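Participant: What follows is a protein structure lacking sequence information:
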């Protein structure tokens, strides 16, 4: 409510997912607490599909890591 001074806190839980991840798949949840009491749970949903990385993807990640060294 407007003007309410209640203490609100959030807890984020991310599920350990492995690719591929489908669009719309539940990836975790946010739990809302008001003065230490759970009042709501909000699902975290994947907004796009994530494919499993292949050899080329892994090689590119390694090469990009070398390029970012100073």
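Facilitator: On my side now, so go ahead. No experiment lies behind these values; they were computed from the predicted model shown. Residues are numbered from 1 along each chain as shown.
Participant: any idea how far the strand or helix carrying residue 65 is from the chain center?
Facilitator: Under the assignment given by DSSP states H and E, the secondary-structure element containing residue 65 is helix 55-67. Relative to the mean C-alpha coordinate of its chain, helix 55-67 is positioned 23 Å out (C-alpha atoms, centre = their mean, to the nearest Å).
Participant: State the mean pLDDT of it.
Facilitator: For helix 55-67, the per-residue pLDDT values average out at 82.
Participant: Without its sequence neighbours, what residue ends up closest to the residue nearest in space to the middle of the chain?
Facilitator: With distances taken as C-alpha atoms, centre = their mean, the chain has residue 14 as the residue nearest its mean C-alpha position (5.4 Å). For residue 14, the nearest residue in space outside its immediate sequence neighbours is residue 28; the separation is 4.0 Å by C-beta to C-beta, 6 or more residues apart in numbering. No exception for glycine: its C-beta is placed from N, CA and C like everyone else's.
Participant: on that earlier part again, which other helices and strands contact the helix holding residue 65?
Facilitator: Secondary-structure packing of helix 55-67 (3 or more C-beta pairs under 8 Å, 6 or more residues apart in numbering; DSSP states H and E): no helix or strand packs against it.
Participant: what comes up buried for it?
Facilitator: For helix 55-67, burial by neighbour count (16 or more other C-beta atoms under 10 Å) applies to no residue.
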